[in-house]
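Visitor: here you go, sequence then predicted model.
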Amino acid sequence: MRRVLLCATVCGAMLWVAACSRESAGSSNASPQAPSGFANVDGARLLAANDPANAGQWMTHGRDYAEQRFSPLTRINTENVRDLGLAWFADFDTRRGQESTPIVVDGTIYVTTAWSKIYAFDAKTGRQLWKFDPKVPGEWAVNACCDVVNRGVAAWNGKVYLGTIDGRLIAVDAATGKPVWDIYTIDRDKPYAITGAPRVVKGLVIIGNGGAEFATRGYVSAYDAETGKLVWRWYTVPGNPSEPFENPQMEMAAKTWGGQWWKQGGGGNAWDGITYDPKTDLLFVGTGNGGPWPAEVRDPGGKGDHLFLSSIVALKPETGEYVWHYQEVQRDSWDYTAVQQITVADLTIDGKERHVIMQAPKNGYFYVLDAATGELISAKPFVPLNWSTGIDMKTGRPIMNPAARYDVTGKGFIAVPHYGGAHSWHPMSYSPQTGLVYIPTMEVSYPFVLAHEDDNPMGQKLSISFAGSAAMLRDPKALRVNKAYLLAWDPVNQKEVWRVQLDGGRSGGTLATAGGLVFSGNSQKNEFVAYRADNGERLWSHSAQTGVLAGPVTYEIDGEQYVAVVAGWRQTGNYWAPNYSRLLVYKLGGTATLPDPVPVPEPVLNPPPAFGTPEVIAHGEEVYGRFCSTCHGNDGLSRGMFPDLRYAAAINTAEAFKAIVLDGALTQNGMVSFASALKPEDVEAIRAYLVGRAIEAKNAPARAAGAPAPASPPRTHSD
Ligand code: CA
């Protein structure tokens, strides 16, 4: 059983004792001893990230504390970017999704891959220095909502820090790649997973986790960077109200919940955006969606806001003490997380200098908040959205479209944005030169249909109906949107300045530079592109042979500027073809070339004859949606990172299908046995559904072989 049990009292008490024993913050801002030239990063150096001495580094996830992903380097610029070429590349040993932002310190580049591995390379030559594999168990993949991805390491005082998909935090010697300490940040009986990059603030490694789709209880933790000892933990939602609360904010938050949310956990998992602001000395943490998804299932008949779901919370970095919060979505029912990147900037708004944080979260509004107080300065939609008609500036709350509350009305609602969000993990950047934010944007619809409480013992607990969703889309007049673009957004005037349309794929993360450039890949044309930052003019591109969705970085060594990005993503396509997961590094005049892609024949649909009654097939569709679609795609269509089961030989016989789904024949690949959740007749119903889908595809060539399904948005990683 992976139901969430209670750990509130024990964990909470331990944390606060630990927190009290900690010295004040300033003392740990400098390195105790000078490291050996590897990962030589401390607070003082990060504070000076934009000084000339450090301009050529990329020392933390968003380059500097502000997480602007703006580099002051100018050697590569609008005048010469056409001469950019591949300097070197390095292949990875996993073809799953790649989301890592590299860290570059003093000539060494550290990059993570799917399955939580780290590579260290000489950043100039590409020579591999070491590789670290934490050997996460393949079967843990079932606890990851959205692939076994990883978004990068943190560097500090001679070590790099890695969060793993199985919930560990590991300190690795940056010179040798040997682990220094390796601890669990989670209760291993619960389906948490870490995909996000740690940040190090004042000698503390800050890390959250994913798991809201599994209805776990979210939290963010701080560990001593030298010892791995837990210093504080801040839960994002309250625990069982009959147990002592960990802090006054949990007691306050509990008043906004009803029902018995704590039995499953409630969600709110902080899986990506964590930003430290030295000016206000605050740590901003973005919190996740509610779990299960419909608020009515978490809290039947309730009216409360469900704090601190879908919120930005400001904490004191040394203690985790609460300072302020801003909730973006009350009673979230749409997977509208507020975990997206939090960027700090100084903007002139209405003639006044404002020190702000900016976020483009899943819900489609672009928020500008006062960094010190959380005061809402402005919020406007950066995509056309339909769940809300605006933000009430007096209360800071969205004005709801009543029809969007599908869990209250009992009628399905086709929402824009979809659960993947108008913007997800793909990093955005902010250029102080142009004053623009460059947002990898999605404009996608999804039909939310309420289902009963999902009490299955494994897999996700979404409590939405996949068959109901598919039924809504059978109406030819149903709202269907599936667009993607790179959006340049003016955060002061809250308006679009330019966009690059990328329909059929997705925009990758962005990097802005003082050379007047924005770099961003995509999965539409599997390329990496440089644009003019002021007007979006396309200046240069390189074919990457695979989708490029991760955040690019830039650095300088010996007077030469480099641009690096991790490639490895297939939006749709053929799982059985190779996926070229690589680190790509470019410089002016670079002459390296990628090997030609291996030609691979398109897979052939060869389903057995249809079987099963309409009831059995409908049951198969529902069960497929609950247990299989996260990886294998909605509607029986994979986006290519996982097998499209319509083409799988295993659907030909009940025995072969059962051997994988119930007996766990492919456990090491991450395809565990579902025997604790599915009965043999469920598995056979899934097979009947898939065979039907395969026959349908065979009879409709336009939909075959990886063609995108217009009616049903592909899953993009969204935790
Ligand atoms: Ca989620």
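Guide: Ah, there it is. Residues are numbered from 1 along each chain as shown.

Visitor: contacts for the helix ranked longest in the chain next, please.
Guide: Assignment by DSSP state H gives helix 680-699 as the longest helix of the chain. For helix 680-699, contacts defined as Cβ atoms under 8 Å, 6 or more residues apart in numbering pick out 605, 607-612, 616-617, 619-621, 623-624, 627-628, 635-637, 645-648, 651, 654, 657-658, 661-662, 674, 678, 703-704. (C-beta placed from N, C-alpha, C; glycine too.)

Visitor: change it to 6 Å
Guide: 605, 607, 610-612, 616-617, 619-621, 623-624, 636, 645-646, 651, 654, 657-658, 661-662, 703-704 (Cβ atoms under 6 Å, 6 or more residues apart in numbering).

Visitor: show me where the stretch 401-550 of the chain has helices.
Guide: Remark: helices assigned in the stretch 401-550 of the chain by DSSP state H, counting those that start in this stretch are 406-409, 466-473.

Visitor: need these in a markdown table (columns: mean neighbour count, mean pLDDT and distance to the ion).
Guide: A markdown table is the format used below for the helices of the stretch 401-550 of the chain (neighbours: other Cβ atoms under 10 Å; pLDDT from 0 to 100; distance: least, Cβ to the ion, whole Å):
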| stretch | mean neighbour count | mean pLDDT | distance to the ion |
| --- | --- | --- | --- |
| helix 406-409 | 20 | 97 | 16 |
| helix 466-473 | 20 | 89 | 16 |
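
Visitor: for the ion, what is the nearest residue in the stretch 301-450 of the chain?
Guide: Closest approach between the stretch 301-450 of the chain and the ion, counting by Cβ to the ion: D335, at 4.4 Å.

Visitor: is it true that that residue touches H418?
Guide: No - in this structure D335 lies outside contact range of H418 using Cβ atoms under 6 Å: 8.3 Å.

Visitor: of those two, give the one with the bigger neighbour count.
Guide: D335 (30 against 25; other Cβ atoms under 10 Å).

Visitor: return the residues in contact with the more buried one.
Guide: Taking Cβ under 6 Å, 6+ apart as the test, what D335 contacts is N289, W293, Y419.

Visitor: most neighbours among those, which one is it?
Guide: Each of the contacts of D335 was scored by neighbour count (other Cβ under 10 Å); the top score is that of W293, with 30 neighbours.

Visitor: assign that residue to helix, strand or coil.
Guide: With DSSP: H, G, I helix; E, B strand; the rest coil as the basis, W293 sits in coil.

Visitor: quick check, pLDDT for it.
Guide: You'll see W293 listed with a pLDDT of 95.

Visitor: doesn't Q460 make contact with it?
Guide: No - between W293 and Q460 there is no contact under Cβ under 6 Å: 9.3 Å.

Visitor: looking at the stretch 101-250 of the chain, which residue is nearest the ion?
Guide: Per Cβ to the ion, A212 is where the stretch 101-250 of the chain lies closest to the ion, at 4.7 Å.

Visitor: what's the separation between the closest residue to that residue other than its chain neighbours and Q460?
Guide: Closest residue in space to A212, ignoring its immediate chain neighbours: G267 at 3.5 Å, by Cβ to Cβ, 6 or more residues apart in numbering. As for G267, its distance to Q460 is 11 Å (criterion: Cβ to Cβ, to the nearest Å).

Visitor: more neighbours: these two, which one.
Guide: G267 (31 against 25).

Visitor: just give me the neighbour total for the closest residue to D64 other than its chain neighbours.
Guide: Using Cβ to Cβ, 6+ apart and skipping residues adjacent in sequence, the residue nearest D64 is A49, 3.8 Å away. Residues contacting A49 under the criterion other Cβ under 10 Å number 22.

Visitor: let's number from 28 now, not from 1
Guide: Taking 28 as the first residue, the last one we looked at is A76.

Visitor: just the C-alphas of stretch 184-198, formatted as PDB.
Guide: The C-alpha trace of stretch 184-198 is given here as PDB (Å, rounded to 0.1, in the frame of the first residue of the first chain):
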ATOM      1  CA  ASN A 184      32.200  24.200  -1.700                       C
ATOM      2  CA  GLY A 185      33.800  21.400  -3.700                       C
ATOM      3  CA  LYS A 186      30.700  19.300  -4.000                       C
ATOM      4  CA  VAL A 187      27.700  18.900  -6.400                       C
ATOM      5  CA  TYR A 188      24.300  17.900  -5.100                       C
ATOM      6  CA  LEU A 189      21.800  15.700  -6.800                       C
ATOM      7  CA  GLY A 190      18.200  14.900  -6.100                       C
ATOM      8  CA  THR A 191      17.300  11.400  -7.300                       C
ATOM      9  CA  ILE A 192      14.100  10.000  -8.700                       C
ATOM     10  CA  ASP A 193      13.900   7.700  -5.700                       C
ATOM     11  CA  GLY A 194      13.900  10.600  -3.300                       C
ATOM     12  CA  ARG A 195      17.500  10.700  -2.300                       C
ATOM     13  CA  LEU A 196      19.800  13.700  -1.900                       C
ATOM     14  CA  ILE A 197      23.400  12.900  -2.600                       C
ATOM     15  CA  ALA A 198      26.500  15.100  -2.200                       C
END
